[in-house]
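**Q** Predicted model and sequence follow; I will ask about them next.
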Amino acid sequence: MNRSIHLAAMSLLSSTIAAGAYAQSNSVTVVLSEELEIVEPCSATKSNVGRVLFQNISETVTEMNPKTGLQPRLAESWEDMGDGTWRFHLRDGVTFSDGSTMDAEDVAHSLVRMKSEAIACEIGAKFFGGIEVTSNIIDAHTLDVTADPAQPILPMLMSTVTVTPSDTPLDKFVDHPIGTGPYTFDEYARGQHIKLSANPNYWGEQPTVRNATYVFRADSAVRAAMVAAGEADIAPNIALQDASNPDLDFSYPNSETVFLRLEHAQPPLNDRRVREALSLAVDREAFVGTILADGTLLATGITPPSTIGYDHDLKPYPYDPERAKELLAEARADGVPVDTEITMIGRINNFANVLETMEALHAMYQDVGFNINLQMVEVGEWLERYAKPFPADRGPEIIQAQHDNANGDPVFSMYFKYHSEGQQSGLTDPKVDAMIAEATAATGDERAAKWKELFGYLHEDVIADAMLFHMVGFSRVNERLDFAPSIRTNSELQLSQIEFK
C-alpha cells in the first residue's frame with residue numbers, strides 16, 4: 001500500500017471512530033425497573049409510562065416546575081374568564097410528529113378523550129374525577145375551558161393534560177403515540193427496548209440528547225451495575241443497598257407515598273377496629289435505615305408533607321401489637337369474622353425492596369393474629385385488583401400502592417383515592433365526598449384549612465387506609481451526564497433536561 005492510500009485509509013478510519021463516538025455521546029440508555037404495560041399519552045401520569053412519554057413525546061397544556069411553579073408549555077398564557085371558565089392562548093407553529101398542525105381542536109379533543117369511559121384514562125380519572133369539562137373553541141389558537149364545579153386551580157390541572165391529535169380514537173388506547181414533544185416514538189420491541197429520537201420539527205429548542213433507548217431490568221443491583229459499567233446512563237430507581245457510589249448515586253425526598261389501600265365494603269375490613277389494628281400492628285420505624293432509606297418519613301396522609309393543607313399535627317399510628325390484638329378480640333366478640341383470610345396484594349418492582357417490605361408487613365400482621373395471604377403480582381394484574389370495577393368474586397383485600405403527587409395540592413389525589421366514585425377508592429362515605437367537593441372549590445387559606453380537615457378525618461375518624469411512608473428515592477447517573485434527579489423523577493424523565501459534561 002503506498003503512503004497516500006495508507007493515509008487516506010487512516011483518515012477514514014479515524015473519521016469513522018470519531019463519528020461513532022459522537023453518536024454515542026449524544027445518545028442515552030435508561031434502564032427501568034418494569035416494562036410499560038401501555039404507551040398511552042392519557043395515562044402518562046403513571047410513573048413507568050411517564051418516564052418515557054411525559055413531556056418527551058406528549059406535552060401538556062401548562063407545566064408544573066417544582067422550583068418556579070406553573071409555567072407555559074403548549075399554552076403561552078391563560079386568564080380567568082369567571083364562572084369556572086379559563087381562556088388558554090396556545091402557541092402558534094406547533095406540529096405533531098406526524099406533521100399535522102396542533103391547534104385548539106386537538107386540545108378540546110384531548111379533554112374529551114381523557115374523560116372517555118370507553119378507555120378510562122389515568123389522567124381523567126385521577127385529576128378530573130367528579131368534574132365535567134367542556135371546551136369552546138374561539139379560534140385556532142384560543143380555547144375556553146369550563147369546569148363544573150368551578151376549579152380555581154384549573155390552569156394547574158391542565159399541567160396534567162397531554163395533547164394528542166384530534167383523530168386519536170376515543171374508544172381505544174394507542175400503541176404508537178404521536179405528540180408535539182422534543183422526541184418521536186420510534187420503536188417498542190416488547191420485552192426488549194423502547195427507542196426515541198429527537199424530533200427535527202420540534203417547536204422549541206433542539207435537545208442535546210438526540211437518541212434514547214429504554215431497557216427493562218427487574219433487579220435493582222443489575223440496574224445499578226449497568227450504569228457503573230457504562231452499559232446504561234440512568235437508572236431512575238435503585239434500592240438503598242445498591243446506592244453505594246457517591247460519585248454516581250443521588251438520593252432525594254421524593255413525592256411518593258407508600259400505603260395499603262383498604263376496601264371497606266368487605267368484612268372484616270368494614271370494621272373500624274380491624275382497620276385500626278392493621279395500622280397498630282406495623283413497626284414503621286423498623287423499616288427506616290434498613291429496608292428503606294434514612295430520611296424516609298412516616299406518613300399520615302396520601303400526599304407528601306409539601307402539599308398545602310397537609311396536617312403536620314397528625315401523628316403516625318404507634319407500633320402497639322398488644323393493642324392490635326385487643327382490638328381484634330373485641331371485634332371477634334361482637335361477631336366480626338376477624339379470622340377470615342385477607343388477601344394482601346403487592347406490586348412487583350413497584351419500588352426498590354418492595355418484596356422485602358411486603359414480607360415484613362406480612363410477618364407483622366401474622367404476629368398479631370391476622371390471617372393474611374400475601375400475593376405479589378405484575379402491574380397488569382395489580383391494576384385489575386386496584387381500580388374499579390373491582391372483581392365481583394373478590395374476598396377482603398388489602399392492596400399495596402405507591403402514590404405520586406409532586407404538584408403541591410391534594411386535588412391531584414383526593415377524588416380518585418377517596419371519593420365514593422373514585423376510580424381507586426375503597427371508601428364509600430358521603431361526608432368525605434362533601435369535604436372533597438368543598439376543598440376543591442375553595443381558594444387560599446380556606447382551601448388549605450379544608451384539606452387539613454379532610455386529612456384528619458381520613459386518618460383519625462375513618463382510618464381509610466393504612467398509611468406507611470413518604471419515600472426517599474435513589475437514582476444512579478453515569479458521570480458523563482450533567483443531570484440531577486429531583487422530586488419529578490418519580491413520574492417523568494425529561495430527556496431535554498439532560499446535558500453532557
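**A** Structure received.
**Q** looking at it, Ser279 is touching Ile463, isn't it?
**A** Yes: between Ser279 and Ile463 there is a contact under CB atoms under 8 Å: 6.4 Å. Just so you know, the C-beta spots here come from the backbone N, C-alpha and C atoms, and that holds for glycine as well.
**Q** nearest residue to Gly99 other than its sequence neighbours?
**A** Leaving aside its chain neighbours, Gly99 sits nearest to Asn201 (7.4 Å; criterion: CB to CB, 6 or more residues apart in numbering).
**Q** part of a strand, is that neighbour?
**A** No: Asn201: not assigned to a strand; according to DSSP: H, G, I helix; E, B strand; the rest coil it is coil.
**Q** tell me the contacts of it?
**A** Listed by CB atoms under 8 Å, 6 or more residues apart in numbering, the contact partners of Asn201 are Thr95, Ser97, Gly99.
**Q** Nearest to Gln497 among those residues?
**A** Ser97 (19.6 Å; CB to CB).
**Q** thinking the closest one is in contact with Asn199, fair?
**A** Yes: the criterion here is CB under 8 Å, and Ser97 meets it with Asn199 at 5.7 Å.
**Q** Which helix or which strand is home to the spatially closest residue to Asn65 that is not a sequence neighbour?
**A** Once flanking residues are discounted, Asn65 sits nearest to Gln71: 5.2 Å by CB to CB, 6+ apart. Element membership for Gln71, per DSSP states H and E: strand 69-72.
**Q** Can you name the element that comes right after that strand?
**A** Beyond strand 69-72 toward the C-terminal end (DSSP H and E), the next one is strand 75-82.
**Q** Now that following strand: buried residues?
**A** Neighbour counts over strand 75-82 (16 or more other CB atoms under 10 Å) mark Ala75, Trp78 as buried.
**Q** How about stretch 360-375?
**A** Across stretch 360-375, burial judged by 16+ other CB under 10 Å covers Ala360, Leu361, His362, Met364, Tyr365, Val368, Gly369, Phe370, Ile372, Leu374.
**Q** likewise stretch 445-454?
**A** For stretch 445-454, by 16+ other CB under 10 Å, it's Arg447, Ala448, Lys450, Trp451, Lys452, Leu454.
**Q** Secondary structure, distance to Ala392 and pLDDT for the residues you listed - can I get that in a markdown table?
**A** Shown next, in a markdown table, are those (DSSP: H, G, I helix; E, B strand; the rest coil; distance: CB to CB, whole Å; pLDDT from 0 to 100):
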| residue | secondary structure | distance to Ala392 | pLDDT |
| --- | --- | --- | --- |
| Arg447 | helix | 38 | 96 |
| Ala448 | helix | 40 | 96 |
| Lys450 | helix | 35 | 98 |
| Trp451 | helix | 34 | 97 |
| Lys452 | helix | 37 | 98 |
| Leu454 | helix | 30 | 98 |
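**Q** nearest to Glu381, of the residues you listed?
**A** Nearest to Glu381 among the buried residues of stretch 445-454, counting by CB to CB, is Leu454 at 31.2 Å.
**Q** Which neighbours do Ser97 and Asn199 have in common?
**A** Common neighbours of Ser97 and Asn199, using CB under 8 Å, 6+ apart, are Gly181, Thr184.
**Q** contacting residues around stretch 131-143?
**A** Identification of contacts with stretch 131-143 by CB under 8 Å, 6+ apart yields 87-92, 103-105, 107-108, 111-112, 115, 144-149, 151.
**Q** can you pull the contacts of Ile399?
**A** Leu260, Arg261, Glu263, Met344, Ile345, Trp382, Arg385, Tyr386, Gly426.
**Q** same thing with Glu122?
**A** For Glu122, the contacting residues are Cys42, Ser43, Ala44, Thr45, Lys46, by CB under 8 Å, 6+ apart.
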